[in-house]
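> Based on what follows, work out the 3D shape:
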Amino acid sequence: MKAFFPTICLMLLTVFSSHSQITPNNGNPFPTISTLTTWASLNSQSQFDIAIRAVGFKFEVKEPGEGSTAFTYIRKVVVNEVNYTDRIVYRITNNNSASIISLVTASTDLVSLYTPQLATFKNNNCKTEMSKDKNTTCSCYESANFAIDLCDERVKLTMGDGNKYFVSVAKK
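Numbering: from 1, shown residues only. Reported below is the predicted structural model:
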């Protein structure tokens, strides 16, 4: 019982601290860069699961891979009477040495949301696969502990053109 109490306290602290760091954007809250880096440092899918559910995401699928396991969460949102599916993937290496948080949405302009939050990060040349796509514009940032890619992808939709936004936070 003594070990159980600190674990519950840590989980509650994680939920409340992550909830307080959410930035509302037209009623569609997304975690701040600070929250994403905290989550990428967890190295615990169970702790991440509690934190991500606090912002409306639900577990969808677990995908074991070579060297890492990915846990995908989704949430359905309606923005200006348009339905969107936001997707966040938490990937953790099999030896718990690093984790990556990847968030993909079309419901909110993540570039405008996250760029001001990255002012203290060093801007680097992007060498990711997404940045090589002619329809995608990426900015890549780095700190001592994290690499962050922020991309805006022009996509062809059945009812016209649109944008899909992608942010990836990787613990070094």
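
> Can you point out the buried residues in stretch 104-116?
104, 105, 106, 107, 108, 110, 111, 113, 114 (16 or more other Cβ atoms under 10 Å). Placement of C-beta: from N, CA and C, glycine included.

> which intervals of the chain have sub-threshold pLDDT?
Applying pLDDT under 70 to the chain picks out residues 1-28, 156-161.

> hmm, try it at 50
Counting by pLDDT under 50, the chain has low-confidence residues at 4-26.

> Can you tell me which residue is spatially central in it?
Compute the mean C-alpha point of the chain, and by Cα atoms, centre = their mean the closest residue is residue 103, 3.7 Å away.

> what packs against the helix or strand encompassing that one?
For residue 103, the host element (DSSP states H and E) is strand 99-105. Counting contacts by 3 or more Cβ pairs under 8 Å, 6 or more residues apart in numbering; DSSP states H and E, strand 99-105 packs against strand 30-31, helix 33-40, strand 82-93, strand 160-171.

> Next, the angle from it to strand 160-171.
In terms of direction (axes from the mean of the first three to the mean of the last three Cα atoms, to 10 degrees), strand 99-105 departs from strand 160-171 by 170 degrees.

> which residues sit in contact with the residue nearest to the centre of the chain?
Shown in contact with residue 103 (Cβ atoms under 8 Å, 6 or more residues apart in numbering): 30, 31, 36, 86, 87, 88, 89, 110, 166, 167, 168.

> same thing but at 6 Å, please
Residues counted as contacts of residue 103 (Cβ atoms under 6 Å, 6 or more residues apart in numbering) are 88, 167.

> what is it paired to in the beta sheet?
Beta-bridge partners for residue 103, by DSSP bridges, are residue 88, residue 167.

> For residue 151, see how far away it is.
11 Å (Cβ to Cβ, to the nearest Å).

> thinking again about what came up before, can you tell me which of the helices and strands packed on strand 99-105 is nearest to residue 59?
Nearest of the helices and strands packed on strand 99-105 to residue 59, taken as Cβ to Cβ: strand 82-93 at 10.1 Å.

> what comes up buried for that closest one?
Buried-residue list, strand 82-93, by 16+ other Cβ under 10 Å: 84, 86, 87, 88, 89, 90, 91, 92.

> Just the closest of the residues you listed to residue 48, please.
Of the buried residues of strand 82-93, the one sitting nearest to residue 48 (Cβ to Cβ) turns out to be residue 90, at 4.9 Å.

> thinking that closest one is in contact with residue 49, fair?
No - using Cβ atoms under 6 Å, residue 90 is not in contact with residue 49; the gap is 8.3 Å.
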